[in-house]
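S.K.: Quick one, what's the 3D model for this:
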Amino acid sequence: MSNIGDTPTTTTIEIFQPQGGDLTLRSSDSVEFRVHSIFMSVASSVFNDMLTVGSGSASDSTVQLNEDAETISLMLQNIYPITSPAITTFELLEKAIQAAQKYDLHRLRDNVDRELCLGTQNPLIKQDPLRACILCDTYGLSRARDVNARAVDSSVNLRCAEGLLDLSKRLPGSALAIRLVGVQCVKASILVDVLFRFQEEPMAAYPEMMCQSCQPRTSSSYGRGGEAVVYWKHKWSLAVYRRILEAGPNTLTTQLNTIIQLPPKRLLSGTSVCSGCLSVIARDDAYSRWANGIKAELVRRLSSEELTSLY
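M.R.: Numbering: from 1, shown residues only. Alright, predicted model coming up:
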């Protein structure tokens, strides 16, 4: 079975035993099912071939199967003309897919595919859409995979180390690729979180960091809970974001020191920002205090276990 989850759950499915029958199926855990060979032949091309090739009458035959009683019971409930039971665990769901593909059981395959295509409308899938998506991909269920991929996108956070490490455990064969992509993903997420929250520390601006013409007329709090965000800060954040995003873990502090020490006019060269604001911040200590506060927060976040656990 594929490695799609860590914690097995207990199923409460009731074992289905047909009445009568002329053929015995024995499960891997030694439970026998007396079934009707005609139903088995019609429902499954594999069983049809087995019964055609076999010698003697069906009533004398016992077919040993590799599946457990729970799986065979589910197979029979999707072969006989009765209501198919709900599948309430991922373990049974995976066994159902395997059995449907192995024995060419069209009804079981269609029922499972239909349930998977419900996405998070299915209570089981809602518990773990990532597991459902991996399961669909493992067994080539492309339509259901795409449905559940959209569910993952809207409900699973893969922009943090915790989510990416969980994904790499579920897909050990892709762990290296996940970590390589994940480092850049988490790094970008941290940079956005620090550099583009203009109304929060450490990005909140001081009043002296803008010229008089840019100071808002209706607020005296200039970014600290107020309405104003100085335009040059947008450009400054974008410039820092681009430079730090390309820095490796061993050059991070050096890159930050270089950026912080750059004169604002040089860092923002080629951008259309207020020359009055640039003149103000160039001659005031507030810019240095502000920029060093941002540097300290970036070093803390980018050196934390949140990111380093992915290296």
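S.K.: Show me what the longest helix belonging to the chain is packed up against.
M.R.: Criterion DSSP state H: the longest helix present in the chain is helix 175-195. Under the contact criterion of 3 or more C-beta pairs under 8 Å, 6 or more residues apart in numbering; DSSP states H and E, helix 175-195 touches helix 161-170, helix 231-245, helix 285-302, helix 305-308. In this view, the C-beta of every residue, glycine as well, is placed from N, C-alpha and C.
S.K.: What is the burial count for residue 31?
M.R.: 15 (other C-beta atoms under 10 Å).
S.K.: swap in the one 10 residues further on?
M.R.: Neighbour count for residue 41, taken as other C-beta under 10 Å: 18.
S.K.: contacting residues around it?
M.R.: 47-48, 51-52 (C-beta atoms under 8 Å, 6 or more residues apart in numbering).
S.K.: any idea how far residue 162 is from it?
M.R.: Residue 41 sits 50 Å away from residue 162, going by C-beta to C-beta, to the nearest Å.
S.K.: element containing the closest residue to residue 142 other than its chain neighbours, please.
M.R.: With sequence-adjacent residues excluded and distances taken as C-beta to C-beta, 6 or more residues apart in numbering, residue 142 is closest to residue 136, at 7.6 Å. Counting by DSSP states H and E, the element that carries residue 136 is helix 129-138.
S.K.: Pull that helix out as CSV, backbone CA atoms only.
M.R.: Below are the C-alpha coordinates for helix 129-138, written out as CSV (Å, rounded to 0.1, in the frame of the first residue of the first chain):
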residue,chain,number,x,y,z
PRO,A,129,-7.7,16.6,1.4
LEU,A,130,-4.0,16.3,0.9
ARG,A,131,-4.1,12.6,1.6
ALA,A,132,-7.0,12.2,-0.8
CYS,A,133,-5.1,14.1,-3.5
ILE,A,134,-2.0,11.9,-3.1
LEU,A,135,-4.1,8.8,-3.1
CYS,A,136,-5.8,9.8,-6.4
ASP,A,137,-2.4,10.6,-8.0
THR,A,138,-0.9,7.3,-6.8
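S.K.: what does it rub up against?
M.R.: Contacts of helix 129-138 (C-beta under 8 Å, 6+ apart): 2, 4-5, 90, 93-94, 97, 116, 119-120, 124-125, 141-142, 144-145, 148-149, 151-152, 155-156, 166-167, 170-171.
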